[in-house]
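The sequence and its predicted three-dimensional model are supplied below.
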Amino acid sequence: MTDKTIKHANPAKYSAAVNEALAAFEAALTERYEKEARESFHIPWNPDRENPMVGAPSSPDQVLQRIPRWVKEIRAGVEAEIPVYETQDLDVLASAFDQLHRAARFLGNEKAIGIPSGIPAHVNNINGNSTWAGIAGEEFRRNFGLSTRPTMDNQRGIADSLINLYAARAVTIDSARRNTLRAIRTAAGKLSQTVSTDNSETELWQWTGLSLGAVVVGIPNPTVGVVSSVAVVVGNAFDFYQTDLEYADDIHSIVTGVEDSLKKATQDAINAGYDWSNKVKELQREIAKTDSKLLELFDLTTAGTTSQPTGGYAVEDIGEIEKLAQHCFTASEEYEQVVSAVIATDDADPQLRGMDGAETAGDVELKDTRDAFVSFLQTTCARYYEAGCRLTDAARAYFDMETTNTEILNALAEQPDLNGADPDRGGTVEQHVGATDRRNIQDQML
């Protein structure tokens, strides 16, 4: 979903717009030089004045002869100051943003854009609404059951944070592109003394002037807001768009003005990149200090629950335990959609790059964080399935009878798809049921 306020999303169109703006600047500069050569008795400022080895022109004709070279040199100097963000396709980043919205909606964020899932309802039923009592029932609730709510809440917090971080990355790139075009177009208009009154750029760019620090990340944190469009994170977060460019009328002031504006655009983009990277690290630190069972459920394979139940049951109906098993199997199935949505964001990985198309530390860390999140989701999916199997086994052992529940039988016959968009290649439940390896982000604890 590309919001209309992301104006320069397509890299090819942006590059074409820059070339068009430079051509207009070059034409306006040529026209201005020619006009001053015809109408004035003084020699206008020109690059030769910066080079004592080149003699000054002594007549209007000599000025006219040198104008093409002056304009070419000045254009080259302006181009050299342009912050280069010409490879990133922001529409692809926006697609990743949309996928993360889907994941957040599946995980219970009602403000996220997407189709709701039954995961929150299954969590409520597994978490404590069961009437399975006794030693075995209490053990299940105390260990696995009580981990379901914080796991979902924390995963939703990660999804919301990633939404904000992907949006902020797109916006830092788009703002640099806007600043570049605005600086060159303003200079061209000033040279021709026909500065356009078209303020469409400004109208589409309603920033509040806060800082990137206003972009909130973290888990668990009810204050982590989720933005509904890529541009909202800008409208509520940070501003380095130059809206007050003022160039004097003379050629020298206009040329130095556009070069200074482009230098500032470059530095602003660099500073925003640093701030954004720090936000990624902040999320990593939050994840690194959170217990595994609060990110991907309690691991039934590491507890005493591996043994067969030996009493303590206060339920006489096999259906009660099977209901719990069914909720676990269905939650596992619905988690496949979450896994699929987040895995789909890797299509945007080539767009996570900074100036000159170089991958920054923040870009690498964001992908590491996303990959860890995928692993949490896969582990959660596997552990719900494992819980369903164990509950089914417990019911069979206690009641000495096989289940006839069709949904449970279907779940037992087909393991979950743990790779979402790439069926049968996501590994097995046994491979994913263990704790996620968080070493790629663990150093943020230091």
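On my side now, so go ahead. Residues are numbered from 1 along each chain as shown.

For the residue nearest to the spatial centre of the chain, give its distance to Leu100.
Closest residue to the average C-alpha location of the chain: Tyr166 at 1.2 Å, with Cα atoms, centre = their mean. Distance of Tyr166 to Leu100, computed by Cβ to Cβ, to the nearest Å: 6 Å. In short, each C-beta sits where N, CA and C put it, glycine included.

So for those two, which residues contact both of them?
Residues touching both Tyr166 and Leu100 by Cβ atoms under 8 Å, 6 or more residues apart in numbering: Thr345.

wait, what's in contact with Glu286?
The contact partners of Glu286, by Cβ under 8 Å, 6+ apart, come to 217-219.

That one in helix, strand or coil?
Following DSSP: H, G, I helix; E, B strand; the rest coil, Glu286 is assigned to helix.

Please tell me how far it sits from Asp160.
12 Å.

Let me see the confidence value for Phe373.
Note on Phe373: pLDDT of 97.

so where do the helices sit in the stretch 201-350 of the chain?
Applying DSSP state H, counting those that start in this stretch to the stretch 201-350 of the chain gives helices spanning 232-235, 251-288, 293-296, 318-343.

The following helix or strand past the last one to helix 251-288, inter-axis angle?
What it means is helix 318-343. Later in the chain than helix 318-343, the nearest helix or strand by DSSP states H and E is helix 361-399. Following axes from the mean of the first three to the mean of the last three Cα atoms, to 10 degrees, one obtains 20 degrees for the angle between helix 361-399 and helix 251-288.

Which of the three states applies to Val84?
When classified by three-state DSSP, Val84 comes out as coil.

same deal with Asn419?
Going by three-state DSSP: Asn419 is coil.

for Val92, same thing?
helix.

List the contacts of Asn440.
Contacts of Asn440 (Cβ under 8 Å, 6+ apart): 368, 371-372.

burial of Ala188, as a residue count?
Counted by other Cβ atoms under 10 Å, the residues lying close to Ala188 total 24.

who does the helix or strand where it lies touch, helix- and strand-wise?
In this assignment (DSSP H and E), Ala188 forms part of helix 146-192. For helix 146-192, the elements it packs on are helix 11-39, helix 90-106, helix 119-127, helix 200-203, helix 232-235, helix 251-288, helix 293-296, helix 361-399, judged by 3 or more Cβ pairs under 8 Å, 6 or more residues apart in numbering; DSSP states H and E.

Distance from the longest one to the middle of the chain?
Same thing as helix 361-399. Averaging C-alpha positions (Cα atoms, centre = their mean, to the nearest Å) puts helix 361-399 23 Å from its chain's average.

Would you mark the buried spots in that helix?
Across helix 361-399, burial judged by 16 or more other Cβ atoms under 10 Å covers 362-363, 365-392, 394-396, 398-399.
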